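Engineer: Here is a sequence together with a model predicted from it:
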Amino acid sequence: MFKKDITPGAKSKVKSSTQRGIRAKVLEEYPLLEPHIEAILPKKEQLDVIKLPDRVALYTLGTTPLFFQHMDDAIMPHLTVVHRYPDAFHRLRIDRGAIRFVLSGASLMVPGLTSAGGRLPDDDEDEEERYGEDELEAGTVVVIEAEGKETACMVGVLKMGTAEMKKVKKGQACEAGHYLGDGLWGLSLG
Amino acid sequence: MASETNPKQVSYCGVCSLPPEYCEFGGTVKKCEDWLKEHQPALHKKLYSQETIEQNLSALSIDAQKRAEKDAQKKAAKAAASEAKEAETRATSKILIKRIERNKRKYVTAVQGLEAFGLDNKKVAKDFGKKFATGSSVTKVPGGGEEITVQGDLSDDICDYLVETYKDIPEDNVDCIEEKKKKPTPAIG
Ligand SMILES: [Zn+2]
């Protein structure tokens, strides 16, 4: 989605009614952010929206990027938000070998998740249930963590349900999303 | 999935901007490591310990290791090449500061060529405005490109300011010139 460097477009203030709507949408998509929502999207502070190429809107608070949305698709968190509240999102884990592909903007493939180093929900190796118990449907926004790393490297939308991934063990797992070092990550808002 | 109450603090690498644990996948690992050692010695010790390195290696098959290594070398070479190129553009690029006479004794100062030094015209224009308490804006140049137009005769001040503020700009690469109002071509008689 942001494989190329981005030149940000016009920045404008978000109307307060729209701001309430964004807050509601964020909570609907990520209910576990509820205890933190006031810290992330304070009611009294002015949210800005920046137009990015390909009809993506980026919501920012001052110079902090928060969420982005392509047209009317699901609203998605910027990776710095994910890093601050890692357990508020559905997450999966890729094996070490897949990291460099994800960081170069390649689509995330299923074998990176189903291999020994990868993690899907309800994984026997996952004793703390970091990756949840319930299978996820295609279309779910997921955060991608990596074997041996503490912080997430990508956020994207599942192209295939996790139950199916376990069965077929191949194919594309995620739609292109936002990854560490991409154009959105490198965007300077200062 | 228990929810932690406090936001987690994640620090980012001062060289490549990624969380330091991901530096190894970029093309500037050596620089990243030096930066981390200086700024976050504890994390440096953890991430670059023998143990971590061995653990990382054992997670990959020999084949995948080789491919990853080749890939890393390519990336490093690419990063080095683009850095060298950037340094070269910097060395050969000129910043042009022009004093332009608008009306009698009224001047504007135009500044061109800041982009080659990685500067953003819009931001610098704002800084000029604040620093010299004057009007300063980015204007398009006929034939493509941009320049900053500052109200007033500030050539020398701007030259000093640029060289002092941005260490990457050598003084020799800044030229000040004067653009006289075009005189009407004398009639041949
Ligand atoms: Zn780094």
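Structural biologist: Ah, there it is. Numbering: from 1, shown residues only, chains lettered A, B, ... in the order given.
Engineer: so the spatially most central residue of chain A, which of the three states?
Structural biologist: In chain A, the residue lying closest to the centroid (C-alpha atoms, centre = their mean) is A:Val155, at 2.7 Å. What DSSP: H, G, I helix; E, B strand; the rest coil gives for A:Val155 is strand.
Engineer: what lines up beside the strand of greatest length in chain B in the sheet?
Structural biologist: Assignment by DSSP state E gives strand B:95-103 as the longest strand of chain B. Here strand B:95-103 is paired, per DSSP bridges, with strand B:106-112 (antiparallel), strand B:174-179 (parallel).
Engineer: Now distance to A:Glu129 too, for those, in a markdown table please.
Structural biologist: Just so you know, the C-beta spots here come from the backbone N, C-alpha and C atoms, and that holds for glycine as well. Below are the strands paired with strand B:95-103 laid out as a markdown table (distance: least, C-beta to C-beta, whole Å):
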| stretch | distance to A:Glu129 |
| --- | --- |
| strand B:106-112 | 59 |
| strand B:174-179 | 61 |
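Engineer: Deepest in the core, which of those is it.
Structural biologist: strand B:106-112 (a mean of 20; mean count of other C-beta atoms under 10 Å in any protein chain shown).
Engineer: so what's the residue nearest to the centre of chain A bridging to?
Structural biologist: In this entry, A:Val155 is beta-bridged to A:Val143, A:His178, by DSSP bridges.
Engineer: That one contacts A:Ile144, doesn't it?
Structural biologist: Yes: if you go by C-beta atoms under 8 Å, A:Val155 and A:Ile144 touch, sitting 7.0 Å apart.
Engineer: For the longest helix along chain B, which helices and strands make contact with it?
Structural biologist: Scanning chain B for the longest helix, with DSSP state H as the assignment, gives helix B:62-92. With contacts taken as 3 or more C-beta pairs under 8 Å, 6 or more residues apart in numbering or on different chains; DSSP states H and E, helix B:62-92 sits against helix A:96-103.
Engineer: and the longest helix of chain B, what's its mean pLDDT?
Structural biologist: The pLDDT scores in helix B:62-92 average 84.
Engineer: what about B:Leu114, how many residues close to it?
Structural biologist: 22 (other C-beta atoms under 10 Å in any protein chain shown).
Engineer: And the most centrally placed residue in chain B, how far from chain A?
Structural biologist: The centre of chain B sits closest to B:Gly118, judged by C-alpha atoms, centre = their mean, with a distance of 3.4 Å. Using C-beta to the nearest C-beta, to the nearest Å, we find B:Gly118 at a distance of 11 Å from chain A.
Engineer: can you pull the contacts of the closest residue to that residue other than its chain neighbours?
Structural biologist: What sits nearest to B:Gly118 in space, not counting adjacent residues and going by C-beta to C-beta, 6 or more residues apart in numbering or on different chains, is B:Asp168, at 7.1 Å. Contact analysis of B:Asp168 by C-beta atoms under 8 Å, 6 or more residues apart in numbering or on different chains lists B:Arg90, B:Phe117, B:Gly118.
Engineer: Please report the distance of the closest residue to the ion within chain A from chain B.
Structural biologist: Here the residue of chain A nearest the ion is A:Gly181; by C-beta to the ion that distance is 9.8 Å. Separation of A:Gly181 from chain B (C-beta to the nearest C-beta) stands at 6 Å.
Engineer: Read off the pLDDT value for that residue.
Structural biologist: pLDDT, the model's per-residue confidence, is 95 for A:Gly181.
Engineer: if we can go back for a sec, worst mean pLDDT among the strands paired with strand B:95-103?
Structural biologist: strand B:174-179 (a mean of 86).
Engineer: what's near enough to touch B:His178?
Structural biologist: To be clear, residue B:178 is Glu; His isn't right here. B:Glu178 makes contact with B:Lys98, B:Arg99, B:Ser155 under the criterion C-beta under 8 Å, 6+ apart.
Engineer: domain assignment for chain B?
Structural biologist: B:20-91, B:93-179 (automatic domain parsing).
Engineer: ok, now chain A?
Structural biologist: Following automatic domain parsing, one finds the domains of chain A at A:11-84, A:88-179.
Engineer: Kindly reformat the ones you listed as TSV containing distance to B:Lys106.
Structural biologist: As requested, the domains of chain A are arranged in TSV below (distance: least, C-beta to C-beta, whole Å):
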stretch	distance to B:Lys106
domain A:11-84	34
domain A:88-179	50
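Engineer: quick revisit: among the strands paired with strand B:95-103, which comes closest to A:Glu29?
Structural biologist: The closest of these to A:Glu29 is strand B:106-112. By C-beta to C-beta, the value is 46.3 Å.
Engineer: how about the next helix-or-strand element following the closest one: buried residues?
Structural biologist: Next along the chain after strand B:106-112, taking DSSP states H and E as the criterion, comes helix B:121-131. Neighbour counts over helix B:121-131 (16 or more other C-beta atoms under 10 Å in any protein chain shown) mark B:Asn121, B:Val124, B:Ala125, B:Phe128, B:Gly129, B:Lys131 as buried.
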